[in-house]
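Participant: Predicted model, plus sequence, below.
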Amino acid sequence: MSNEGSAEDLQIRFRHSSGTDIGPFSFEDGNTIQSVKSVVFGRWPTDGPLVKECPSSAADLRLLCSGQFLDNSKTLKDYRKLMGSTEPLAVVTMHVLVRPPQAGKAADKVDSDPGKPAKSGCACVIC
C-alpha cells in the first residue's frame with residue numbers, strides 16, 4: 001500500500017464531492033474495503049479544502065464505485081467488475097464521502113426537564 005506498486009496492484013484515486021482528489025495509492029486485490037478506508041483516513045490531507053471536512057475515524061468514510069456503496073467486509077477483488085478497466089498503469093477513481101458529525105443527537109436525547117413530554121424527531125399531519 002504505497003504510492004509505487006507492482007503491475008498487479010490497483011492504483012486508486014479518491015475523489016471528494018468538492019472535486020479534490022486524494023491519491024492515487026496502490027492496493028492489492030486482497031485488501032478489504034475497511035483497510036482501504038484506513039489508508040485514506042491515515043493520508044487525509046492536512047491542508048487545502050478538505051481540512052474543513054476531516055473525518056474523525058475511518059468509520060466516518062463511505063466509498064463509492066460506479067454508484068454503489070462499498071461493503072467494509074468485502075475485498076477490492078469483489079468489486080473488480082465495477083472498476084472497469086484495471087490495466088497496468090490505469091488509475092481507478094472512487095468517490096469518498098465523509099459522514100457529517102452528529103453532535104446534536106446526544107444532546108437532543110437528554111432533556112433537562114423530566115416533566116416535559118419527549119421530543120419526537122418527526123410528525124405526520126393528515127388533513
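Facilitator: Perfect, thanks for sending it.
Participant: gap between residue 78 and residue 40?
Facilitator: Distance of residue 78 to residue 40, given as Cβ to Cβ, to the nearest Å: 18 Å. From N, CA and C alone the C-beta is placed, and that goes for glycine too.
Participant: More neighbours: which of these two?
Facilitator: residue 40 (20 against 14; other Cβ atoms under 10 Å).
Participant: So the more buried one sits against residue 16, correct?
Facilitator: No. Assessed by Cβ atoms under 8 Å, residue 40 is found out of contact with residue 16, at 10.2 Å.
Participant: Give the intersection of the neighbour lists for the two.
Facilitator: The contact sets of residue 40 and residue 16 overlap at 22, 96 (Cβ atoms under 8 Å, 6 or more residues apart in numbering).
Participant: Going by neighbour count, which residues of the longest helix along the chain are buried?
Facilitator: As assigned by DSSP state H, the longest helix anywhere in the chain is helix 33-42. By neighbour count on 16 or more other Cβ atoms under 10 Å, the buried set for helix 33-42 is 33, 34, 35, 36, 37, 38, 39, 40, 41.
Participant: and what of stretch 46-63?
Facilitator: Buried-residue list, stretch 46-63, by 16+ other Cβ under 10 Å: 50, 53, 55, 58, 60, 61, 62, 63.
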